[in-house]
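Participant: Pasting the sequence and the predicted model now:
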Amino acid sequence: MTKGQLTTLDERIEIVSYCIAKGKDYSAAIDKYEISYQQIYSWVRKYEVKGVDGLIDKRGKNKPMDEMTEVERLRVENKMLKAENKQKKWKLLC
């Protein structure tokens, strides 16, 4: 991602999932996705408070969770649950 580039909900979910799966290793997410610390930190905090709904960009015409198809919602939830499971496993190993 370059500075000022808009991200889709799927991209934000992927980035937050990666960061959480790595035990909130913001540096790894910054290196992999070329995104600022402030942005990734903000998304992780929003996810922790509001879940996937916190990652929805409400400035534009993104599809809200209640308008997503069941398959779309399940994909999003599955991706986040996988990341949370990886984080729990990582914590057990440390």
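Facilitator: Thanks, I have it.

Participant: And what about Thr7, helix, strand or coil?
Facilitator: coil (DSSP: H, G, I helix; E, B strand; the rest coil).

Participant: Give me the spatial nearest neighbour of Lys46, chain neighbours excluded.
Facilitator: Gly54 (3.3 Å; C-beta to C-beta, 6 or more residues apart in numbering). Bear in mind the C-beta positions are built from the backbone N, C-alpha and C, glycine included.

Participant: Quick check, that neighbour in contact with Ser42.
Facilitator: No. Between Gly54 and Ser42 there is no contact under C-beta atoms under 8 Å: 9.5 Å.

Participant: Among those two, which residue is more densely surrounded?
Facilitator: Between Gly54 and Ser42, counted using other C-beta atoms under 10 Å, the more crowded position is Gly54 (16 against 13).

Participant: So for stretch 29-49, mean pLDDT?
Facilitator: The pLDDT scores in stretch 29-49 average 93.

Participant: list the buried ones in it?
Facilitator: Neighbour-count burial for stretch 29-49 flags 29-30, 33, 35, 39-40, 43-44, 46-47 (criterion: 16 or more other C-beta atoms under 10 Å).

Participant: Show me what the worst-scoring helix or strand of the chain on mean pLDDT packs onto, helices and strands only.
Facilitator: Least confident helix or strand, the chain: helix 70-93 with a mean of 85, by mean pLDDT, DSSP states H and E. Packing partners of helix 70-93 (3 or more C-beta pairs under 8 Å, 6 or more residues apart in numbering; DSSP states H and E): helix 9-21.
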